[in-house]
Structure formats: C-alpha cells, structure tokens
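> Give me coordinates for this.
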Amino acid sequence: MDLDAYRERSLATWNEIASGWDEERRFMWAATRPVSEWLVEHASPQPGNTLLELACGTGDTGFLVAEAVGREGRVVMTDFSEGMLEAAQREAERRGIENVEFRRLDAEKMDLDDSSFDGVICRWGYMLMADPAAAFSETHRVLREGGRVSFAAWAEPERNLWASITGKAMVELGHQPPPEPGAPGMFSFADHERIRELVTGAGFAEPQVEQVTVKFGWADVDQHWEKTLQTAGPLVVAYRDADEEERERIRTTVTSRVEERLESGDPLDGITNVVVAEKR
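Next up is the predicted model:
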C-alpha cells in the first residue's frame, strides 16, 4: 500500500463525511457513549489536568473529558480533518464549553512538547492511521511519566456485522479492493496481540484490553442504510462514485443481508476493543 496516497484519500474522505457525522451526532452518541465513558474513566483525568484527544471527530468524547478536568483543566482536541474540527468547535460553542482548544494535528508527527499531557484519548483513530507505530511513539513522547493512553478500536468483522456486511458487499461487487493484511482500516486492531505489540513497542507498560458492546438499536433496515450512507467513511465515497445502476445493486445487496439478520433476531450490535496503558 502507498501510505502517502492512503493519507490523502483518508483526509478527503473524512472531510467529505464530516457533515454526516455532525447530522447523526445524537444517534451515534446514544449508541457509542458507553465506549467514551470507558475511555474517560480509564484515562483517569483529574481536576486541573491537561489532556489530549486524537481523532476527536465531532467532539463528544472530548466534551466528557472537559467536564472531568473542570474549569482549571484543559483539553486539546485534535483531528487531521478540518471538517470534523469545525463540527466539534461549533458544538463546543453551542454548549458553552470553554476549557477546550482545537488544533489540526497529524498524530504521527505531533507539533507538541515532550511530557506536556496528563493523558491521551483516542476513539477509533489509531486503527485508521497509516503508521500507528509512529502515532503511539508520539503519544508516549507527549505524555508525562505515569500518564495513560486510552483508546478504542473495533473487534473482528464477524462481531461487527452492522459494518462488515456493507464492506463485504462492496468488495464482492468490485467497488473496493479486499483489505490488505496489516493495512490501516476499521478492523486492523481486532487482534489483541497486535495491540499489545504496538503499545509496548512504543514504550508503554502492558496494556489492559477489554471489550464494550455498542448497541445501535436499529429500528429497521431502512434506518441502518440511512445511517450507513451518512457515516461509513470510505464506503460512502465508493457508493457515491458508482453510477445509478450500481448504487441500486449495492443498496439491494446490503439491505437484503441486513434484513435477513434483523429478522433472525440479530440486533446487529457492535463490539469494540477498549485499551488503556501507562507510560513507564
């Protein structure tokens, strides 16, 4: 994989769908809040602390951190997507949250001082980075001694059919290539051993890895399809690039498979790995 080309595509993709994530904020937060709460709890922010959030997206996880550190604390919320940062900043202003700072940042090459943060949080970001080893090394560098990194990454595709059904269909229909082993992607951190190797390789202590269920509560197949078209990253771009006939083929394939699972009683929930590790 050409990682520079991947970085360019990824940035364009997340800028393009930032508005969809902003529009679906309430739905996504209702489903994913337990993940963010785990991350914040295990990062253990204290009043007056300074925390860094990587890949902040539309900002809801960072807003929890801002509440935890209080008015005397500070949260630096970062993303490489200007569209995501703008959505997060608008929401912070709407809520009147003042102890946050927004910065566009490349997590693989952070323009931040050594040992400048008490904790780092990243929800579903490291798994998508072109060079996660570099990102973890940078995370270790900017953390103070004893500081924690707390992050989430999706478990195996078989345990996340709400997403992998669509991804598999796109590959079968020729609209996306099969994922390359070791390449960045939604399920690239499904293997706990890979997580351990990356984290300890960056200098952290042995990580604690648990799992959290993400309960989407799909009302029906139409809702699943609608939310997918708003938030599903590279899948959305590939769908939009297809002609009208192919779009219909994609929609029919995905919705029929989703409907089959929902009718069988499968709630199509998600399972995510959640991880915390301390800087030694």
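
> Can you pull up the most central residue in this structure?
residue 124 (2.3 Å; Cα atoms, centre = their mean).

> And the closest residue to that residue other than its chain neighbours, how far from residue 38?
Residue nearest to residue 124 in three dimensions, not counting chain neighbours: residue 152, with 5.5 Å by Cβ to Cβ, 6 or more residues apart in numbering. Bear in mind the C-beta positions are built from the backbone N, C-alpha and C, glycine included. For residue 152, the distance to residue 38 under the criterion Cβ to Cβ, to the nearest Å works out to 8 Å.

> where do the contact lists of the two overlap?
Shared contacts of residue 152 and residue 38 (Cβ atoms under 8 Å, 6 or more residues apart in numbering): 212, 274.

> of those two, who's got more company?
Higher neighbour count among residue 152 and residue 38: residue 152, with 25 against 20, using other Cβ atoms under 10 Å.

> Mind listing the residues bridging to the more buried one?
Beta-bridge pairing of residue 152 under DSSP bridges involves residue 123, residue 274.

> where along the stretch 101-250 of the chain do the helices fall?
With DSSP state H, counting those that start in this stretch as the criterion, the stretch 101-250 of the chain has helices at 132-142, 161-172, 192-201, 221-231, 234-241, 244-263.

> my guess is residue 274 contacts residue 41, does it?
No: under the criterion of Cβ atoms under 8 Å, residue 274 makes no contact with residue 41, lying 10.0 Å away.

> between these two, which one's more packed in?
Legend: neighbour count by other Cβ under 10 Å for residue 274 and residue 41, higher for residue 274 (21 against 14).

> The more buried one and residue 207: what is the separation?
Here the distance between residue 274 and residue 207 works out to 10 Å (Cβ to Cβ).

> picking that back up, now for the residue nearest to residue 124: which residues touch it?
With Cβ under 8 Å, 6+ apart, residue 152 has these contacts: 35, 38-39, 122-124, 212, 272-275.

> can you check residue 57 too?
Shown here is residue 57, whose contacts under the criterion Cβ under 8 Å, 6+ apart are 21, 79, 84, 87-88, 123.

> Which of the residues you listed sits closest to residue 162?
Ranking the contacts of residue 57 by separation from residue 162, with Cβ to Cβ as the measure, puts residue 21 on top at 16.1 Å.

> what about that closest one, neighbour count?
20.

> same check, this time on residue 237
Under the neighbour criterion other Cβ under 10 Å, residue 237 is assigned a count of 17.

> Hmm, it is touching residue 13, no?
Yes: under the criterion of Cβ under 8 Å, residue 237 makes contact with residue 13 at 5.3 Å.
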